[in-house]
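Student: Quick one: sequence plus predicted model below, questions after.
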Amino acid sequence: MFENAGWLVVWPVLIPILGAALAAAAWGSERAQSTIGVAGLGAQLVASIALFTHVWNHGVVAMSMGGWQAPFGIALAADTLGAGLTLVGSFVGLIVALHGIGTTDTAHRRAGFFPLLLALMAGVAGAFLTSDIFNLYVWFEVTLISSFGLIVLGGRREQIDGAVKYAFLNLIATTLLLIAIGLLYGLTGTLNMADLSEKVASLPRDSTLETVALLFLVSLGMKAALFPLYFWLPAAYHTPLPTVSAIFAALLTKVGVYALIRVFALVFPENGDMARDAMIWVAVATMVLGALGALAEQDIRRFVSFTVVSGVGVMVGGLAIGTEKAFLGTVFYFVHSIMISAALFIAAGMIAQAGKATRIEELAGLYKRAPFLAVAFLIVGLSLAGVPPLAGFWPKVYLVQAGLDAGSAVLVAGILLSGFLTLVAVGRAFSLIFWRAGEDETPIPDAGALAKGSLGGFAVMTLVIGLYAAPVVEMSSRSAGELLSPDAYIKTVLGKTALGSPSAARAEDVPTAALSGLKEETR
Amino acid sequence: MNSLILRTATPFLVGLTVLFSIFVLLRGHNVPGGGFIGGLVGASAFAIYTINEGVAATRRAMIAHPVAIAGFGLFIAGLSGVASLVFGDAFMTGQWWFPAFAPDLKYLSTVVLFDIGVYLVVVGAIVAIIMGLEETE
């Protein structure tokens, strides 16, 4: 009883599902919903910590649902990358929920803010932890459906407008993803990613496989907001509540990037040359155009949207290089980007609230009126641009090194140029919003402890990770190693490991013993 | 909608459809199991009722808010998967109980509990949609 370690991988997904269900069952009672929301996300964080600790000490954990062994059944599995991202994701989810309590009003909570947020977090954790590619698609749908609900909370006209663009593009992307999965299933006869990894390696390297790989790049690239299919993101992310934008920017595009990493590192490690060649140009175009978009943007929240796009390019650039150091940089950037995207949208929401405007030209003189916000925005913005000693600096160092080692001048130039452009864009936004003298000099009423605390928390986190990067580097480096040699993952998912199943070892002994007994009898 | 035939038939239709939906829930394709299809049949009963009597009457008839019913169903379905924890099995492994006094009874299992959960999710979600559509008219 209670001895199955595989349950550790179930809880981070199951707890938010049960929480969402309970919160929906408490429909109409917003106090109960808020309590369940924060308690559920807190419990998910605890479960993620437990999972990560176990994975860190004992290696990959997997569990097949209903005892139907993978590749026939659906298995959840956590390696260092999956467990680490679930941990960071649930941490950000909890902070965003607290921010939500401070900033949403009764109408938003009545319309189901907390059940939807919990369902979204369940989808994100499920996507990070599944080892089945069709199941991954299902988790994408779970996040998508709950995000539709979240994006229209408030029901203003521009929100519906943004939601339609967001929904339409994402539905096309999931359809393409489904087609890609179907073709891959037709080629290999399996959906389990560990099994796919072995089967795809033995397939002839022909045009069909190239097409499937390209389809995955296009469909997941649309979800991750890669060039040239990123335009839905700046068109939609500035419309919902700041809390909702924060969780979207932190996790939704990241799930797309994570799926790209999984698919190209595990399923197509050798194949998909065309997709890989395209990927580096797409990544560089995304990071540079994202930064240019941020530089040109007048709306503070759209400005933040473009910086999120630029960050996606940096991560996919690392994936395109695909060396150990490049993966290290990618995973580190992933962790950094989850926190910084949430922080920037929270800050943008506070700026819009404080200055009662969203256009940068209409905002001025906030430095005197809201000094805390100014300092926090500067720290977060500089970390985004990659200025030492903040957390955004280290992954770019690794990625530039990896680009130089691999002889990829494009990536190095792209990262440095996009970093420079982002710095200029952040500097422009900061000096116009905060330093420019404004007419109104009355202090702004306090934004509330929860809003300030969540932004301040992220600013402190990015500073702490920047100054003491060793744990994140170690976690990223181990993830990179596991991505490049996924044997432990494959063995654990497919139940081939000797460690977890002594009964399997015994079962192998039995036939030999029976056979030798049989031989002796015949003698 | 104002139709004498529909108004006369509704009480019979609704009662029979709900009863049939519970039969489908327990029977399904394999005995037991049929939460989804049973839920659809059940939701169609409430759809007839809503078309004939209006949203307010349906809300009174359902007692709880449909979204709350769906949430409760999801919770039951989720919990049914956790039962296997106690027996050291993987998540969602079906646990069956065949009592000595009725060894042929196939309904005392977490599988049926899961299906009841699915039934409630489907009924709750679809009735919520129907009510939303009716109200905007």
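Tutor: It's in.
Student: List the buried residues for the one helix or strand residue B:132 maps to?
Tutor: Assigned by DSSP states H and E, residue B:132 belongs to helix B:110-136. Across helix B:110-136, burial judged by 16 or more other C-beta atoms under 10 Å in any protein chain shown covers B:110-128, B:130-131. Yep, even glycine has a C-beta here, placed from its N, CA and C like the rest.
Student: What parts of chain B come near chain A?
Tutor: B:64-65, B:67-75, B:78-79, B:81-82, B:85-94 (C-beta under 8 Å from any C-beta of the partner chain).
Student: Run through the neighbouring helices and strands of the helix holding residue B:132.
Tutor: When contacts are defined as 3 or more C-beta pairs under 8 Å, 6 or more residues apart in numbering or on different chains; DSSP states H and E, helix B:110-136 sits against helix B:4-27, helix B:35-53, helix B:55-62, helix B:66-86.
Student: List buried residues within the residues of chain B next to chain A.
Tutor: B:65, B:67-75, B:78-79, B:81-82, B:85, B:89-94.
Student: Contact partners for the residue in chain A positioned nearest to chain B?
Tutor: Residue nearest to chain B within chain A: residue A:24 (2.6 Å; C-beta to the nearest C-beta). Counting by C-beta atoms under 8 Å, 6 or more residues apart in numbering or on different chains, residue A:24 touches A:112, A:115, B:67-68, B:70-72, B:74.
Student: Mind doing that once more with 7 Å?
Tutor: A:115, B:67-68, B:70-71 (C-beta atoms under 7 Å, 6 or more residues apart in numbering or on different chains).
Student: Among those, which one lies nearest to residue A:247?
Tutor: Comparing the contacts of residue A:24 against residue A:247 with C-beta to C-beta places residue A:115 closest, at 13.9 Å.
Student: What strand or helix carries residue A:62?
Tutor: Going by DSSP H and E, residue A:62 is in strand A:61-64.
Student: Can you spell out which helices and strands pack onto that strand?
Tutor: Counting contacts by 3 or more C-beta pairs under 7 Å, 6 or more residues apart in numbering or on different chains; DSSP states H and E, strand A:61-64 is packed against helix A:7-25, strand A:75-78.
Student: what would these look like in CSV with mean pLDDT?
Tutor: Shown next, in CSV, are the helices and strands packed on strand A:61-64 (pLDDT from 0 to 100):
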stretch, mean pLDDT
helix A:7-25, 93
strand A:75-78, 93
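Student: list the contacts for residue B:14?
Tutor: B:45, B:48-49.
Student: Repeat the analysis, applying 10 Å as the threshold.
Tutor: B:44-49, B:52-53, B:61 (C-beta atoms under 10 Å, 6 or more residues apart in numbering or on different chains).
Student: Against chain A, how distant is it?
Tutor: 24 Å (C-beta to the nearest C-beta, to the nearest Å).
Student: for chain B, what helix or strand is lowest in average pLDDT?
Tutor: The helix or strand of chain B with the poorest confidence is helix B:55-62; it has a mean of 87 (mean pLDDT, DSSP states H and E).
Student: Where does the nearest residue to residue A:188 once chain neighbours are set aside fall, secondary structure wise?
Tutor: Computed as C-beta to C-beta, 6 or more residues apart in numbering or on different chains, the closest residue to residue A:188 that is not its neighbour in sequence is residue A:199, at 4.2 Å. Secondary structure from DSSP H and E places residue A:199 in helix A:193-201.
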